[in-house]
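Trainee: Sequence below, structure please.
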Amino acid sequence: MSRKEEILAECIEEVQQGRSTVEDCLRRYPELSSELKTMLELVQGIKTANVSPTPEFRRRLRSRLFEETAPAKAKIAKESGRGWFISLLSVRAAATGLMALVVLAGGTGSVYAAQSSLPGDVLYQVKIGVENVQVAVTRDPEQRAYLYLKLAQRRIDEVAAELSLNRTPSASALAAVPEKTDAALREIEKAPSDRAGAFLSRFAETTANQQIALGTILNANNQSGNAMQQTMTSLQRANLIADTAFNNTAFLETNPSVRDNMEKGRFQVEGALLSISGKNWNVGGVVLANVNFSGDIPPVNSQLQIDAINKNNEVYIIDLEIKSAPQPAVTVQGQFTGTDKSGKVWYVGDTPIDAPEGKTPPAEGKNLEVKGVTSNNSLSVKDVKETGDQGKGNGQAQLEGKLDSVNAAKKTIVIKVAGAGISIDISSTTVYDKNGKQISLSELASNIGKRIKVNGMSKKGGTNYAKEIRIDTD
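Mentor: Numbering: from 1, shown residues only. Model (predicted):
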């Protein structure tokens, strides 16, 4: 943003908040007075408009809005090097859009006329235009990130409203959810590093609630389809990004996206830490290259259970647990993502292991559990089996984190995701250990601090419920 754009945004913010008048800003920046005056007067006018437009006027206004904004967009593309303000927003298009807000959102008779509109409605483009202006004048990266999260929630609310009216959910509204979620992540990358943790907690809580809201909508309306599932998957990836970055802030530097297939790089490994050389760790014979870990480095020979993601040939540890007793077997879990050219190396969660003898590689994307023993600082694979991936691909809300507390009397639990606590009623939930054995509430309470996966989440009367829980027990 240029200095002139910063001045405009600053003046708009001050006029909106009543800290300055239009005249104050014009006196402060006389060299820009002619360029500032029109926009600032329009912003000031938003507070005082009080009219009730007729349907015919709305129709003509919508038509004019499209007429004005189309050439403005073309002009921006053609003349992006000419004029400081054209790079931010065409004055003419902005004036038309803001005047639409003045007329349609002001006054007692037509308050929220545009804001309650849905995709396909006459006023919906005005609603989107107002949102774009809000984004344009929000300068602080953190506040802009929160605004993007709010807009993503608005799109989910629109889908719910459409279904309540027996409309087909808008593909554009669904597609906007991952778009706005990614935009929020890009903004927080610009914010001071000491604010990342607080944002990621809010990001995790917000996207978890969005996931639950979407799951509730899907269940109530018996909805399915690629667009719905893609939106749900993007929110599940937001969960993974938040948890990874909260525990390892360097992950944000990779520009993670909820539209990337992050699942392929996710893996878990359990084994003894044989050695550390620079950033390379040998865990039970599995070499983890370029490890990024924000915690205390564990001692060599300790028994570890690591949950991590492999991205761009870098390993980012989400969670590391030191086990109290050594285990004879080494276990690796993750998606099978292929072999090397020789076929002698398999990649599980993009992590290389020696190919098991006599085994044909499975189809890529299959979830595997590989077990073996350490031999000469390498993993000798003894068994490979395919595992299910509970909750994925079925349109259900799914959350991962750590079990933080169990209230046996109220039959509720709290799980922590990126520092955010999310309460869940488990009175009608089936709970399984990592081997698929059903366990009791008292057994669940003995596993505070363990990784937990909650499937089939929904909300009723302000309370979160879940169909199934799987916890990583010892």
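
Trainee: Quickly note the distance from residue 438 to residue 470.
Mentor: Here the distance between residue 438 and residue 470 works out to 11 Å (CB to CB, to the nearest Å). C-beta coordinates here come from the backbone N, C-alpha and C atoms, glycine included.

Trainee: which secondary element of this structure has the worst mean pLDDT?
Mentor: Of the helices and strands making up the chain, the lowest-confidence element is helix 91-105, at a mean of 46, by mean pLDDT, DSSP states H and E.

Trainee: what about residue 156, which helix or strand?
Mentor: With secondary structure defined by DSSP states H and E, residue 156 is part of helix 141-164.

Trainee: Only the buried residues of the following helix or strand past that helix, if you could.
Mentor: Next helix or strand after helix 141-164 toward the C-terminus (DSSP H and E): helix 171-188. Neighbour-count burial for helix 171-188, with 16 or more other CB atoms under 10 Å as criterion, is recorded at 173-185, 187-188.

Trainee: Let's test this: mean pLDDT of whichever helix or strand comes after helix 171-188, rounded?
Mentor: If you walk from helix 171-188 toward the C-terminus, the next helix or strand you reach (DSSP H and E) is helix 196-221. Predicted confidence along helix 196-221 averages 88 (mean pLDDT).

Trainee: how distant is helix 196-221 from the center of its chain?
Mentor: The gap between the average C-alpha position of helix 196-221 and the chain average comes to 8 Å, counting by CA atoms, centre = their mean, to the nearest Å.

Trainee: Now do the helix or strand just after it against helix 171-188: the angle between them, please.
Mentor: Using DSSP H and E, the next helix or strand after helix 196-221 towards the C-terminus is helix 226-247. Inter-element angle recorded for helix 226-247 and helix 171-188: 10 degrees (by axes from the mean of the first three to the mean of the last three CA atoms, to 10 degrees).

Trainee: Might you report the residue contacts of the residue positioned nearest the centre of the chain?
Mentor: Residue closest to the mean C-alpha point of the chain, counted by CA atoms, centre = their mean, is residue 238 at 3.0 Å. Residues in contact with residue 238, defined by CB atoms under 8 Å, 6 or more residues apart in numbering, are 181, 203, 204, 207, 211, 258.

Trainee: The fifth one and residue 239 touch, don't they?
Mentor: Yes - with contacts defined as CB atoms under 8 Å, residue 211 counts as touching residue 239 at a distance of 7.3 Å.

Trainee: any residues in contact with both of those two?
Mentor: 398, 399.

Trainee: Show me the shaky parts of the chain.
Mentor: Scanning the chain for pLDDT under 70 picks out the ranges 1-3, 5, 16-17, 38-39, 41-113, 221-225, 389-395, 474.

Trainee: quick one: the helices in it?
Mentor: Under the criterion DSSP state H, the chain carries helices at the ranges 3-16, 22-28, 33-45, 55-78, 91-105, 124-137, 141-164, 171-188, 196-221, 226-247, 441-445.

Trainee: most tightly surrounded among these?
Mentor: Burial among the helices of the chain, expressed as mean neighbours by mean count of other CB atoms under 10 Å, is greatest for helix 226-247, which shows a mean of 23.

Trainee: how much does that one deviate in direction from helix 196-221?
Mentor: Counting by the same axes, to 10 degrees, helix 226-247 lies at 150 degrees to helix 196-221.

Trainee: Taking their axis directions, helix 226-247 and helix 141-164 sit at what angle?
Mentor: In this structure, helix 226-247 runs at an angle of 150 degrees to helix 141-164, with the same axes, to 10 degrees as the basis.

Trainee: got the CA coordinates for helix 226-247 in CSV?
Mentor: Included here for helix 226-247 are C-alpha records, laid out as CSV according to Å, rounded to 0.1, in the frame of the first residue of the first chain:
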residue,chain,number,x,y,z
ASN,A,226,-18.6,-32.4,-3.8
ALA,A,227,-18.9,-28.7,-3.0
MET,A,228,-20.2,-29.4,0.5
GLN,A,229,-17.5,-32.0,1.1
GLN,A,230,-14.7,-29.8,-0.2
THR,A,231,-15.8,-27.0,2.1
MET,A,232,-15.9,-29.4,5.1
THR,A,233,-12.5,-30.8,4.2
SER,A,234,-11.0,-27.3,4.0
LEU,A,235,-12.3,-26.5,7.5
GLN,A,236,-10.7,-29.8,8.7
ARG,A,237,-7.4,-28.7,7.2
ALA,A,238,-7.8,-25.4,9.0
ASN,A,239,-7.8,-27.4,12.2
LEU,A,240,-4.6,-29.1,11.2
ILE,A,241,-2.9,-25.9,10.2
ALA,A,242,-3.8,-24.2,13.4
ASP,A,243,-2.6,-27.0,15.6
THR,A,244,0.7,-27.4,13.6
ALA,A,245,1.4,-23.7,13.5
PHE,A,246,0.5,-23.1,17.2
ASN,A,247,3.0,-25.7,18.3
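
Trainee: That concludes my questions; thank you for your assistance.
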